[in-house]
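Peer 1: I need the structure of the sequence given here:
(one chain, ligands or ions: 1)
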Amino acid sequence: MNAETEIRRHFASDNYAGICPEAWDALAEANRDHAVSYGDDPWTARAADLIRDLFETACEVFFVFNGTAANSLALASTGQSYHSVLCHELAHVETDECGAPEFFSNGMKVLQVPGVNGKLDPAGIERLVRKRTDIHYPKPRAVSITQATEVGTVYSVEEIKAIWAKTKQFRLALHMDGARFANAVASLNAKPKEITWQAGVDVLCFGGTKNGTNVGDAVVFFNRELAAEFDYRCKQSGQLCSKMRFLAAPWVGMLKDGAWLRHAGQANAMARRLHDALAGLPEVKILFPTQANAVFADLPPHVIHALRQKGWKFYTFIGAGGCRLMCAWDTREEDVDRFVSDLKHLLVHAPREIPSGPVDHRKL
Ligand SMILES: *Cc1c(COP(=O)(O)O)cnc(C)c1O
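Peer 2: Modelled structure (predicted):
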């Protein structure tokens, strides 16, 4: 057996993980009989109701195929083609969606704002809004924040509220990319409402895939006016699933008994374990506070190379460089310990020379 096939759970991405049992069982249930198509089925109604229960408010809920679609369509719903959206310079909407927010909004411009630890801050927002106010510049209309962020940090309730104060001041909508919303809730030990509508969030893209579903993210409008005709937006962009129950049922499985939060808590705990093992190792530098399910670490290049030679997969192109080690709902202590043990060994024994030739880190 070679190293590649031996390692079963990697740290490359939380979407390397499969479907969790709760989502799988709900899919099987939904598959037993016929059901009405295009979302007029009991599973979709139940999933939307469970999301309303979770947020303790009468929000509007739509299910789309992935996070890129959810973010792009949600942002498009906040304004017109001549508007702009402010986001952190490392935000997924800017760096990893191939221009989809601009495309699906017919031209809204995504403007990047720097900020410490992957987060926007009120001053950064104000600076960009005030930078230009003339007719020749796209008019700021929305702010997008990612919770948990692309570098594994989490906005506190106070931080979101401080951003809300700015969005109110400048009449901007507040969008939250919650691809890892569950990890943020587990990390903060807060109620979902406390970090969304009670902190000024107008629309949340609630990620299911990385939390353990097969496919599909929920677009949750707390500001229900923004949801007007959103169903048409979904249909036009190819995001209206005809067998909608298979996007919705996993949410029922995840939400009905709290599996979503348990799985996120497990992923966070494994990241914490990995962080604690890595911190203090010679030649290893932790790059960001570990607050959700990711650890970012600087490792010597020859050790990165040797880890990959051993079969470990992880990204080095996300965020501000370094290695991104991502834990998933099914990451176990033994996976973390095995990685740490290999790393410790290679820090001492890996050959210092790396064979020359181009390395394509995207080919994982
Ligand atoms: C994974 C992810 C998404 C969604 O990506 P898709 O591949 O389109 O599902 C959105 N935002 C962030 C921060 C992500 O990590």
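
Peer 1: got the buried residues for stretch 118-125?
Peer 2: 118, 119, 120, 121, 122, 124, 125 (16 or more other Cβ atoms under 10 Å). C-beta here means a position set from N, CA and C on the backbone, and glycine is covered the same way.

Peer 1: now swap in stretch 255-271 and tell me
Peer 2: The neighbour-count check on stretch 255-271 (16+ other Cβ under 10 Å) flags 255, 259-271 as buried.

Peer 1: one more: stretch 10-22?
Peer 2: For stretch 10-22, the neighbour count (16+ other Cβ under 10 Å) marks 10, 11, 12, 13, 14, 15, 16, 17, 19, 20, 22 as buried.

Peer 1: on contacts alone, who are the packing partners of the longest strand belonging to the chain?
Peer 2: Ranked by residue count, the top strand of the chain under DSSP state E comes out as strand 139-146. For strand 139-146, the elements it packs on are helix 67-76, strand 83-88, helix 122-131, helix 157-169, strand 173-178, judged by 3 or more Cβ pairs under 8 Å, 6 or more residues apart in numbering; DSSP states H and E.

Peer 1: neighbours around the residue of the stretch 151-300 of the chain found nearest the ligand, how many?
Peer 2: Minimum separation of the stretch 151-300 of the chain from the ligand (Cβ to the nearest ligand atom) falls at residue 179, amounting to 3.4 Å. Neighbour count of residue 179, defined by other Cβ atoms under 10 Å: 28.

Peer 1: that one touches residue 69, doesn't it?
Peer 2: No - judged on Cβ atoms under 8 Å, residue 179 makes no contact with residue 69 at a distance of 12.0 Å.

Peer 1: name the residues contacting each of the two.
Peer 2: Here residue 179 and residue 69 have residue 217 as joint contacts, going by Cβ atoms under 8 Å, 6 or more residues apart in numbering.

Peer 1: contacting residues for residue 59?
Peer 2: By Cβ under 8 Å, 6+ apart, the contact set of residue 59 is 51, 52, 197, 220, 221, 222, 224.

Peer 1: in the stretch 201-350 of the chain, which spans are helices?
Peer 2: Using DSSP state H, counting those that start in this stretch, the helices of the stretch 201-350 of the chain run over 230-236, 245-255, 259-278, 301-309, 333-349.

Peer 1: so which of these is the most surrounded?
Peer 2: helix 245-255 (a mean of 27; mean count of other Cβ atoms under 10 Å).

Peer 1: which strands and helices lie in contact with that helix?
Peer 2: Checking 3+ Cβ pairs under 8 Å, 6+ apart, helix 245-255 ends up next to helix 21-30, helix 42-55, strand 60-64, helix 259-278.

Peer 1: how about that helix as PDB, C-alpha atoms only?
Peer 2: Taking Å, rounded to 0.1, in the frame of the first residue of the first chain, the C-alpha atoms of helix 245-255 are listed here in PDB:
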ATOM      1  CA  ARG A 245     -36.000  17.700  -1.700                       C
ATOM      2  CA  PHE A 246     -32.500  16.400  -2.200                       C
ATOM      3  CA  LEU A 247     -31.000  19.800  -1.400                       C
ATOM      4  CA  ALA A 248     -33.400  20.300   1.500                       C
ATOM      5  CA  ALA A 249     -33.600  16.900   3.200                       C
ATOM      6  CA  PRO A 250     -30.000  17.000   4.400                       C
ATOM      7  CA  TRP A 251     -30.800  20.200   6.200                       C
ATOM      8  CA  VAL A 252     -33.600  18.400   8.000                       C
ATOM      9  CA  GLY A 253     -31.200  15.700   9.100                       C
ATOM     10  CA  MET A 254     -28.600  18.200  10.200                       C
ATOM     11  CA  LEU A 255     -30.900  20.600  12.100                       C
END
